[in-house]
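Enquirer: Just to be clear, the model below is a prediction. Sequence and coordinates:
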Amino acid sequence: MKLKIAVQKSGRLHDDSIKLLKECGIDISNGVNKLKSEASNFPLEVFFLRDDDIPQYVEDAVADIGFVGENVVYEKQKKVDVVEKLGFGRCRLSIAVKRGDVYDGVNFLQGKRIATSYPVLVKDFLQQKGIDAEIHEISGSVEIAPGIGLAEAICDLVSSGSTLFMNGLKETETILHSQAVLIKNQQLAFPQQEILNKLLFRIQSVKKAKNNKYILLNAPNDKLDEIISLLPGMKSPTVLPLADKGWSSVHSVLSENEFWHIIEQLKQAGAQGILVVPIEKMIV
Ligand code: PRT
Ligand code: ZN
């Protein structure tokens with residue numbers, strides 16, 4: 001019995017999807033022109049598809065699960081469950097107008113034409129804001145629409161903002177923050193659900209490890225209590241005596257969010273020789 005997963009065949013999500021599976025200890029032979037592949041060491045069959053088709057394949061149970069952007073999941077409105085955020089493929093779906101335009105809020109869009117590949121999400125947004133505008137659905141190169149007189153505004157994905165900038169546009173509203181997610185079929189059978197649980201456990205361990213750092217430092221014994229009180233750790237920090245009497249080595253785990261703040265406090269409290277090491281997997 002195998003779990004069937006759909007991943008993007010080529011494009012922005014492909015490499016990170018395969019990398020995540022690899023970090024989960026799953027090896028996939030990845031032929032460029034292949035439609036299908038099997039993991040050699042996990043009950044997983046991989047289908048390589050266009051990202052836009054993945055929600056439909058998962059709804060139809062051609063694939064049990066898929067890795068795809070939230071933007072695609074919410075635009076396609078297929079009957080699938082979003083199970084886990086994957087932390088890559090981050091972008092935002094934003095409205096943009098010509099840089100020279102005076103944009104004084106969403107009312108600017110009243111009666112205007114908006115070019116987009118995301119008509120469903122844009123319609124929802126306009127409805128929520130009580131704006132009546134015309135949506136022009138186009139499938140690519142949305143950013144050129146204002147320049148050629150097709151629309152006064154666009155709604156497209158943005159990551160660095162350089163595409164908007166190069167086309168003389170400015171971002172004015174963000175309607176969705178997106179990242180890649182794991183979706184699943186809503187009627188997943190038991191054996192597949194069990195394999196999915198194993199995969200999820202691995203994905204969560206990889207994600208936790210990425211969000212945390214292992215830290216080792218030397219502390220004078222008379223400052224140990226203060227230094228330990230600054231460290232959260234998984235249970236409590238490990239403290240080992242150093243050969244140099246009066247000093248100890250302290251080991252702990254810090255999350256990325258609080259990292260710099262705590263490092264500063266540790267230095268002030270007298271910690272020395274602070275080493276920070278990436279964690280490969282974190283099982284808690
Ligand atoms: O062939 P297939 O249909 O599978 O691929 P695709 O061409 O439709 O999609 P692809 O590979 O471009 O993107 C796949 C997914 O990556 C998207 O659905 C998003 O979830 C995610 N993603 C993250 C992005 C971006 N960042 C992104 N910047 N998708 C597209 N872009 C484009 C955007 O449309 C615009 O043209 O990049 C340009 C803007 O980038 P910046 O950096 O200039 O702002
Ligand atoms: Zn696509």
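Expert: It's in. Ligands and ions are numbered 1, 2, ... in the order given.

Enquirer: Low-confidence regions, the stretch 1-150 of the chain specifically.
Expert: Applying pLDDT under 70 to the stretch 1-150 of the chain picks out residues 30-33.

Enquirer: same thing with the stretch 151-284 of the chain?
Expert: 233-234.

Enquirer: where exactly do the strands run in it?
Expert: For the stretch 151-284 of the chain, strands defined by DSSP state E, counting those that start in this stretch occupy the ranges 153-158, 169-178, 180-185, 212-220, 238-241, 247-255, 272-278.

Enquirer: Turn these into JSON lines, columns for distance to ligand 2 and mean neighbour count.
Expert: C-beta: built from backbone N, CA, C; applies to glycine. Output for the strands of the stretch 151-284 of the chain, formatted as JSON lines (distance: least, CB to the ion, whole Å; neighbours: other CB atoms under 10 Å):
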{"stretch": "strand 153-158", "distance to ligand 2": "11", "mean neighbour count": "24"}
{"stretch": "strand 169-178", "distance to ligand 2": "13", "mean neighbour count": "18"}
{"stretch": "strand 180-185", "distance to ligand 2": "13", "mean neighbour count": "24"}
{"stretch": "strand 212-220", "distance to ligand 2": "33", "mean neighbour count": "19"}
{"stretch": "strand 238-241", "distance to ligand 2": "48", "mean neighbour count": "12"}
{"stretch": "strand 247-255", "distance to ligand 2": "34", "mean neighbour count": "18"}
{"stretch": "strand 272-278", "distance to ligand 2": "33", "mean neighbour count": "11"}
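
Enquirer: Out of the ones you listed, which gets nearest to ligand 1?
Expert: For ligand 1, the closest of these is strand 153-158, at 3.9 Å, according to CB to the nearest ligand atom.

Enquirer: who touches the closest one?
Expert: 71, 91-97, 108-109, 112-118, 121-122, 125, 133, 142-143, 145-146, 163-164, 169, 171-172, 175, 178 (CB atoms under 8 Å, 6 or more residues apart in numbering).

Enquirer: What parts of this structure come near ligand 1?
Expert: 8, 11-13, 50-52, 69, 71-72, 89, 91, 156-163, 178 (CB under 6 Å from any ligand atom).

Enquirer: From residue 153, how far out is the residue nearest in space to the middle of the chain?
Expert: The centre of the chain sits closest to residue 87, judged by CA atoms, centre = their mean, with a distance of 2.4 Å. Computed with CB to CB, to the nearest Å, the distance linking residue 87 and residue 153 is 31 Å.

Enquirer: Would you map out the domains in this protein?
Expert: Domain assignment for the chain by automatic domain parsing gives 3-89+179-209, 91-178, 212-278.

Enquirer: export these to CSV and tack on distance to residue 284?
Expert: CSV is the format used below for the domains of the chain (distance: least, CB to CB, whole Å):
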stretch, distance to residue 284
domain 3-89+179-209, 7
domain 91-178, 27
domain 212-278, 6
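
Enquirer: buried set for stretch 222-231?
Expert: Neighbour counts over stretch 222-231 (16 or more other CB atoms under 10 Å) mark 224, 227, 228, 230, 231 as buried.
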